[in-house]
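Asker: what follows is a predicted protein model with its sequence.
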Amino acid sequence: MSAFSEAALEKKLSELSNSQQSVQTLSLWLIHHRKHSKTIVTVWFNELKKGKVSRKLTFLYLANDVIQNSKRKGPEFTQDFAPVIVDAFKHVNRDGEEGCKKQLGRVLSIWQERAVYENNLLEQLSEVLYGEKKPKKRSYEEIHPDDEGFASRSSPADPPQTADLIRALQELENAASSDSVLRQRISSLPAEVQDTSLLHRITDKESGERLSRMVEEACMLLADYSGRLAAEIDDRRQLTRTLTTFLQSQKDGLTQNEQKLEVRTSLFCFPSK
């Protein structure tokens, strides 16, 4: 793992591409040097502002990867990105190409679901993308629903919506266990890294240092994959709980509708005199 310097970081950012491998590789390097997080965020933001329009969104993808995958090792990046992330969203949203807002919205929805930041900051990011939310005038039907006793749909106790479930399932499509590129990189690690019986091949200082670098990079790669797998397990457990709640709400709704149908049927068959 190469040493950290602002010049090295600027060079790596200039070489950053939109591929998943490129983003994850640089993310690992940044997390490895997290003691320089304040400097990293400052350089990242300056380079984002100077970068070409087509690359600005990639800088946000990098920030997202660093913020999420560094949480288990410390809060440095989450805290240091916070003061600039709103301005970064503004900058990318303003200069971005068509469809950019949709991708930013996807990043924001992930942060909201995983509570990456406090609600106040998440609301600011939402306003950047969608504008300030204005109270909607309700129709008479919304104020006086046909069926009495129905709770407001905005209640915190509301069951999960179908759109939420679809979004959660789509997120799992990009989970660690589905990352064939990363699994291929792990399976392609040099034999010397995986088999200690081959250490006899080290014949001089140079070969020893080269192997040491390969082992360090392999450890970072495996640590990252392990962290992403752990996060995926958490996401799957949360999805299981959400699905259970959703199914129960559907059963409860069906039961209520059956009861109402029975009441209406009995009134129709036996009208009051």
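Answerer: Yep, that arrived. No experiment lies behind these values; they were computed from the predicted model shown.
Asker: use CA for all of it now, contacts and neighbours both
Answerer: Will do.
Asker: so what's the residue count around Leu13?
Answerer: Taking other CA atoms under 10 Å as the criterion, the count of residues near Leu13 is 20.
Asker: for Glu76, same thing?
Answerer: The tally of other residues near Glu76 (other CA under 10 Å) stands at 17.
Asker: which residues touch it?
Answerer: Under the criterion of CA atoms under 8 Å, 6 or more residues apart in numbering, the contact partners of Glu76 comprise Arg34, Lys35, Ser37.
Asker: quick check: phi and psi at the second one.
Answerer: Just to be clear, that refers to Lys35. When read as degrees, to the nearest 10, the backbone of Lys35 gives phi -70, psi -10.
Asker: report how many residues lie close to Gln194.
Answerer: By other CA under 10 Å, the residues close to Gln194 number 12.
Asker: quick one, domains of this protein?
Answerer: What the TED database lists as the domains of the chain is 6-130, 162-269.
Asker: would a markdown table of these with mean pLDDT be doable?
Answerer: Putting those into a markdown table (pLDDT from 0 to 100) gives the following:
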| stretch | mean pLDDT |
| --- | --- |
| domain 6-130 | 89 |
| domain 162-269 | 76 |
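Asker: tell me the most buried of those?
Answerer: Here the criterion is mean neighbour count by mean count of other CA atoms under 10 Å, and of the domains of the chain the winner is domain 6-130, at a mean of 17.
Asker: run the chain-centre distance for that one.
Answerer: Relative to its parent chain, domain 6-130 has a centroid offset of 11 Å by CA atoms, centre = their mean, to the nearest Å.
Asker: now do the helices in this structure.
Answerer: Shown for the chain, the helices assigned by DSSP state H span residues 6-14, 20-32, 37-50, 53-69, 76-95, 100-113, 119-130, 140-143, 162-172, 180-187, 191-194, 205-269.
Asker: for the longest one, name the packing helices and strands.
Answerer: For helix 205-269, the contact count by 3 or more CA pairs under 8 Å, 6 or more residues apart in numbering; DSSP states H and E identifies helix 20-32, helix 53-69, helix 162-172, helix 180-187, helix 191-194 as packing neighbours.
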